[in-house]
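[1] This is a predicted model, with the sequence first.
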Amino acid sequence: MRISIRKKLVLAISSLVVVLFSLVAFLFINEKRVELADDIYLNTLAFSRLTAHQVVEGYDLYLSENSFVYFNREIRRLLNQNEDVSKIQLVSYAGNLVYDSDLDLDKKYEGERLIEDALFINQLRSEYISARDFNDDIFFLKISEEEGIDYVDENEKLINGPQSGTLVDGFLIPADERFSVYFKIDYSNLNKRVEQMVMRIIYLALLGILIGFLLSLSMSKRITRPVKKLVAGARGISEGDFTTRVEIKTGDELEYLGGAFNEMAKDLEASVEAKIYKERVTLELKLATDIQNQIIPDSNNLPKISGIDIAAGIIPAEEIGGDMYDFLPTKDGRLMFYLGDVTGHGVPAGIVSSIASALFYGYSADTDLKNIIINVNRVLKAKTMSNMFMTLCLMEWVPNLNRLRYVSAGHEQIIHYHAADGSVTLTPAGGVALGMLPEISNHVNPVDVDLQSGDFLVVYSDGIPEAWKNEKEKYGMERFMESVKNANAKTAADMKAKILQDVQSFTAGYKQMDDITLIVIKKD
């Protein structure tokens, strides 16, 4: 929805009025709140000092003689004298709550009610009047007729008193050698008066907004005329008429804007064509990315198979990556899986990896890994460009035979972590990249891996060892193997996470040059 300049002026001026009123209101309300809080503090302190002895006298006269009704009536009379006091408690120095105006409504409490609040007990032990704020800070009031109020701590050392406006829970008044009287403060009147002030300020703010609205209407008339010309010109441009021009002679920024608009119209036709082309390419890249994401399995939803724990993931360097992996359970209970790396990255590499994924899926019923590699190579050599190659490690897990076998087509050596002694080795290198030669039967051979309980196998693309920290230093195999050795991982997912974390820590945000793909296998 478009907003006119007139509306924007109204909004701006009104907002300014609101902000100014809000700022003034905040300062005023805060100052008034502090003033009211200090008044309540001093009035309640004076009231407590005057009436504490009356509470104890009432106890001796009525409550100790089991005349609860008369005693309670005296307490209610005292509470009615000060609306800022909500509760009165009579507490012995032993920590026994003798009377509570909130709890003891009908009769005297029989027995002991020991107070468990350690801070309250600490207050009871002092000979001075004490108070506690809502941060549980306790301060003691040493009051004299000559010097007024001094604030001390529990060791009678002078301290700074509470800041102006501090809210305290109540006052504990030592009444005689037996009892202290606690007067709890109620701040509802303070809040009510603050709310009344807020309402008055809201009414004033509304009046200010109305004045701002009328002022902005008068100012906007001189601005909107040239703006309407710009709007009409923009409408012509939006309808495809790039010959549209506007003539504005105001001698200010709007005239400059009109000139800039005319220059924009001259260049717009060429830029529109460029934009259309860019949007088409962007859309095609997005579609290609979505297709590739459908081909590569979700790293959080990998197949479960007896005997091994698996984890995998891919981090592409661009929207379209040349790395790929997949897991293909077969009808006879085997799990065939692979990790491949096409030369380069981007759209060409993504197309080749998609073709290869479809080929491996089609040949997955074959039980001979070497045959699968040979057939895939034959198709890739015939159907892809001569400069496009793919290294790949094709693996197979047979649960009933407890056997893991792989065929390498010129791919990176697998890292094997031996749980028995904590050592790390590399499996034998071998094979030739797919798509290089029309016939590779003499270059690829299956290899069985002696996988023991707790062992890890880490299959990866060269994006990990060739990850760069800067223009001169890369991650390398030595650090990679040390990372696997020292990972102390419990699961395949744990090992994968720790490897990627170490790579990210090493690169420290340096630009990723190649796709990073990882499959981790742990023998149960």
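    That came through, no problem.
[2] Which residue ranges of the stretch 51-200 of the chain form strands?
    Assigned by DSSP state E, counting those that start in this stretch, the strands in the stretch 51-200 of the chain fall at 85-92, 97-100, 129-133, 138-144, 148-152, 168-174, 179-185.
[3] got the contact list for stretch 28-42?
    With contact meaning Cβ atoms under 8 Å, 6 or more residues apart in numbering, stretch 28-42 is reached by 84, 164-168, 185, 187, 189-190, 193-194, 197-198, 201. (Glycine included, C-beta is placed from N, CA and C.)
[4] out of these, which are buried?
    Buried members of these, counted by 16 or more other Cβ atoms under 10 Å: 84, 166, 168, 185, 187, 190, 201.
[5] Restricted to helices, list the residues you listed.
    Using DSSP state H, the subset of these located in helices is 190, 201.
[6] Closest to residue 100 out of the buried ones among the contacts of stretch 28-42?
    Nearest to residue 100, judged by Cβ to Cβ, of the buried ones among the contacts of stretch 28-42 is residue 185 at 15.7 Å.
[7] close enough to count as contact, that closest one and residue 170?
    Yes - with contacts counted by Cβ atoms under 8 Å, residue 185 reaches residue 170, the gap being 5.1 Å.
[8] Just checking, which helix or strand of this structure averages the lowest pLDDT?
    The weakest-scoring helix or strand in the chain, judged by mean pLDDT, DSSP states H and E, is helix 253-295 (a mean of 71).
[9] And stretch 340-355, how far out from the chain middle?
    35 Å (Cα atoms, centre = their mean, to the nearest Å).
[10] got a list of contacts for it?
    Contacts of stretch 340-355 with the rest of the structure, by Cβ under 8 Å, 6+ apart, involve 285, 288, 291-292, 295, 316-318, 320-325, 356, 379-380, 383-385, 387-393, 411-412, 433-435, 461-463, 514-515, 517.
[11] Any of the residues you listed buried? List them.
    285, 288, 292, 316-318, 320-325, 356, 379-380, 384, 388-393, 411-412, 433-435, 461-463, 514-515, 517.
[12] Next step: the contacts of stretch 340-355 restricted to strands.
    Cross-referencing the contacts of stretch 340-355 against strands under DSSP state E gives 323, 324, 325, 390, 391, 392, 393, 517.
[13] could those residues be laid out in CSV, adding pLDDT and distance to residue 73?
    Shown next, in CSV, are those (pLDDT from 0 to 100; distance: Cβ to Cβ, whole Å):
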residue, pLDDT, distance to residue 73
323, 89, 87
324, 90, 89
325, 92, 86
390, 93, 97
391, 94, 96
392, 95, 95
393, 95, 93
517, 94, 85
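[14] wait, which of those residues is closest to residue 27?
    The closest of these, once distances to residue 27 are taken by Cβ to Cβ, is residue 517, at 60.7 Å.
[15] Please name the residues that touch the closest one.
    312, 313, 314, 315, 323, 324, 325, 339, 341, 460, 461, 463.
[16] joint contacts of residue 185 and residue 170?
    residue 44.
[17] Report the two of the buried ones among the contacts of stretch 28-42 separated the most.
    Maximum pairwise distance among the buried ones among the contacts of stretch 28-42 (Cβ to Cβ): 27.5 Å, between 168 and 201.
[18] Please name whichever of the strands of the stretch 51-200 of the chain is nearest to residue 493.
    Taking the strands of the stretch 51-200 of the chain one by one with Cβ to Cβ, strand 129-133 is closest: 51.0 Å.
[19] In that closest one, which residues are buried?
    In strand 129-133, counting by 16+ other Cβ under 10 Å, buried: 129, 130, 131, 132.
[20] Just the local confidence number for the second one, please.
    Reading off the per-residue confidence, residue 130 sits at a pLDDT of 93.
[21] The one 3 residues further on too?
    Residue 133 is assigned a pLDDT of 91 by the prediction.
[22] separation between it and residue 166?
    5 Å (Cβ to Cβ, to the nearest Å).
[23] Likewise for residue 465?
    From residue 465 to residue 166 the distance is 64 Å (Cβ to Cβ).
[24] now do residue 263
    Using Cβ to Cβ, we find residue 263 at a distance of 64 Å from residue 166.
[25] Next, the angle strand 148-152 makes with the longest helix seen in the chain.
    In the chain, with assignment by DSSP H, the single longest helix is helix 5-61. Relative orientation of helix 5-61 and strand 148-152, computed by axes from the mean of the first three to the mean of the last three Cα atoms, to 10 degrees: 90 degrees.
[26] Most tightly packed of the strands of the stretch 51-200 of the chain?
    Of all the strands of the stretch 51-200 of the chain, strand 179-185 has the most neighbours on average by mean count of other Cβ atoms under 10 Å, namely a mean of 24.
[27] With adjacent residues omitted, what lies nearest to residue 59?
    Residue nearest to residue 59 in three dimensions, not counting chain neighbours: residue 90, with 6.1 Å by Cβ to Cβ, 6 or more residues apart in numbering.
[28] Quick check: that neighbour touching residue 98?
    Yes - using Cβ under 8 Å, residue 90 is in contact with residue 98, at 4.5 Å.
[29] Need the residues touching each of the two.
    59, 179.
[30] Now do the domain split for the chain, please.
    5-190, 242-294, 296-523 (automatic domain parsing).
[31] of these, which approaches residue 209 most closely?
    That would be domain 5-190 among these, by Cβ to Cβ, at 4.6 Å.
[32] Where do the helices of the stretch 351-500 of the chain begin and end?
    Using DSSP state H, counting those that start in this stretch, the helices found in the stretch 351-500 of the chain span residues 369-383, 476-485, 492-507.
[33] In CSV: the ones you listed, plus distance to residue 45 and mean pLDDT.
    Formatted as CSV, the helices of the stretch 351-500 of the chain follow (distance: least, Cβ to Cβ, whole Å; pLDDT from 0 to 100):
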stretch, distance to residue 45, mean pLDDT
helix 369-383, 90, 93
helix 476-485, 68, 95
helix 492-507, 61, 95
